[in-house]
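1. structure here, sequence nowhere to be found:
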């Protein structure tokens with residue numbers, strides 16, 4: 001018995017090791033990527049995503065069901081990795097990031113701008129770019145025909161989101177032309193920014209170009225939109241999926257995205273949602289640090 005126990009110890013087996021419960025890669029998945037997943041993901045068979053309410057990426061119905069670009073990509077990534085995916089709706093970007101650091105979630109598909117500062121704690125996989133648009137209620141659209149018309153006006157935006165820096169750039173353009181800066185109104189999510197325009201707290205809601213297209217299409221006649229130009233300080237941001245650096249999941253997710261590109265699934269989903277103009281040629285790992 002003692003010899004048997006020592007033999008097991010020599011093989012590195014430990015009681016409670018999550019790898020003991022790991023299941024073989026399901027048929028149709030990439031076995032090498034499945035095997036490279038963290039033990040906790042392999043043993044549970046579930047990849048846990050966080051996500052805020054952010055149409056068209058995540059649209060939450062009254063019954064709690066979720067549809068959108070993010071859902072399509074999560075399903076596709078789950079098939080490649082041989083695990084089920086699930087998403088928990090959180091209130092804001094900070095809640096998603098802190099939840100991952102607290103091991104409540106494995107990933108957040110954003111899309112969130114890849115930055116060197118955030119990449120100190122997270123790995124990122126860039127899968128799209130974007131420009132910033134401003135959605136204006138139809139009743140106020142006469143006064144805002146161009147992004148420059150927002151100088152001195154209030155713009156609702158998601159706090160700490162990708163639009164925040166673009167509004168600062170637009171404010172710099174305003175001041176350069178002798179006009180007052182834009183007044184940023186930071187809120188929790190995209191829905192809150194739209195509500196702010198309806199209640200009169202802001203004249204416009206800043207969001208990604210893809211979100212603006214979705215809002216003006218889904219609520220036809222209720223809103224118009226203007227897009228910030230390069231002359232007005234706009235830059236094309238790299239938007240990414242985030243995972244905690246400490247889990248080692250980042251390189252696996254980058255390879256899973258590469259597989260979606262190789263098979264054409266990436267293009268198929270982006271085309272479905274009208275996002276071919278903001279596609280990238282390949283998923284980029286930790287682009288914020290590299291740039």
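-> Done, it's in. Computed from a prediction, not measured in an experiment: that's the story for all the values here.
2. for residue 186, which non-adjacent residue is closest in space?
-> Here the nearest residue to residue 186 in space, its sequence neighbours aside, is residue 159; by CB to CB, 6 or more residues apart in numbering that works out to 3.5 Å. Heads up, the C-betas are built off the backbone N, CA and C, glycines and all.
3. list the contacts for the one you found?
-> 92-94, 186-188 (CB atoms under 8 Å, 6 or more residues apart in numbering).
4. in strands, which of those residues appear?
-> Of the positions in these, 186-187 sit in strands, assigned by DSSP state E.
5. pull the most distant pair out of the contacts of residue 159.
-> Spatial extent of those (CB to CB) is set by the pair 94 and 187 at 12.5 Å.
6. so the two - more neighbours on which side?
-> Comparing residue 94 with residue 187 by neighbour count (other CB atoms under 10 Å), the higher total belongs to residue 187, at 21 against 12.
7. quick one: the helices in this protein?
-> In the chain, the helices defined using DSSP state H lie at 2-10, 31-36, 39-44, 69-81, 93-101, 162-176, 190-199, 209-218, 249-263, 265-272, 287-290.
8. closest to residue 242 out of the ones you listed?
-> helix 93-101 (7.0 Å).
9. which one of the contacts of residue 159 is nearest to residue 196?
-> If you rank the contacts of residue 159 by distance to residue 196 using CB to CB, residue 187 comes first, at 6.3 Å.
10. measure residue 62 to residue 252 for me?
-> Applying CB to CB, to the nearest Å, one obtains 35 Å for the distance of residue 62 from residue 252.
11. more neighbours, these two?
-> More crowded of residue 62 and residue 252, by other CB under 10 Å: residue 252, with 24 against 5.
12. count of neighbours near the closest residue in space to the more buried one that isn't next to it in sequence?
-> Using CB to CB, 6+ apart and skipping residues adjacent in sequence, the residue nearest residue 252 is residue 36, 4.8 Å away. Here the neighbour count serves as a burial measure; for residue 36 (other CB under 10 Å) it reads 16.
13. report the contact partners of residue 36.
-> Residue 36 sits in contact with 251-252, 255, where contact means CB under 8 Å, 6+ apart.
14. any idea how far residue 255 is from it?
-> Relative to residue 255, residue 36 is positioned 8 Å away (criterion: CB to CB).
15. what do you get for residue 111?
-> For residue 111, the distance to residue 255 equals 19 Å [CB to CB].
16. what of residue 183?
-> Looking at residue 183 against residue 255, where the rule is CB to CB, the gap reads 44 Å.
17. so the nearest residue to residue 203 once chain neighbours are set aside versus residue 96, what's the distance?
-> Of all residues not flanking residue 203 in the chain, residue 153 sits nearest, at 4.3 Å (CB to CB, 6+ apart). Between residue 153 and residue 96 the distance, using CB to CB, works out to 29 Å.
18. so what's the residue count around the residue nearest to residue 172 when sequence neighbours are not counted?
-> Leaving out its chain neighbours, the residue that sits closest to residue 172 by CB to CB, 6+ apart is residue 233, at 5.8 Å. Taking other CB under 10 Å as the neighbour definition, residue 233 ends up with a count of 20.
19. is it correct that residue 233 is in contact with residue 170?
-> Yes - applying CB atoms under 8 Å, one finds residue 233 in contact with residue 170, separated by 5.5 Å.
20. so which bits of stretch 173-186 are buried?
-> By neighbour count on 16 or more other CB atoms under 10 Å, the buried set for stretch 173-186 is 173-174, 181-186.
21. now do that stretch, average pLDDT.
-> Model confidence over stretch 173-186 averages 97 on the pLDDT scale.
22. can you give me the end-to-end distance of that stretch?
-> For stretch 173-186, the first-to-last residue distance is 20 Å (CA to CA, to the nearest Å).
23. list the contacts of it.
-> For stretch 173-186, contacts defined as CB under 8 Å, 6+ apart pick out 148, 150-160, 164, 167-168, 170-172, 193, 196, 201-202, 231-233.
24. middle-most residue in the chain, spatially?
-> For the chain, residue 110 is the residue whose C-alpha lies nearest the centre (CA atoms, centre = their mean; 0.9 Å).
25. pull the contacting residues for the residue nearest to residue 172.
-> Counting by CB under 8 Å, 6+ apart, residue 233 touches 166, 169-170, 172-173.
26. and it, how far from residue 41?
-> Distance, residue 233 to residue 41, by CB to CB: 41 Å.
27. ok, residue 138 next?
-> With distances defined as CB to CB, the gap from residue 138 to residue 41 amounts to 46 Å.
28. neighbour count: those two, which is higher?
-> When residue 138 and residue 41 are compared for neighbours, residue 41 comes out ahead with 21 against 13, by other CB under 10 Å.
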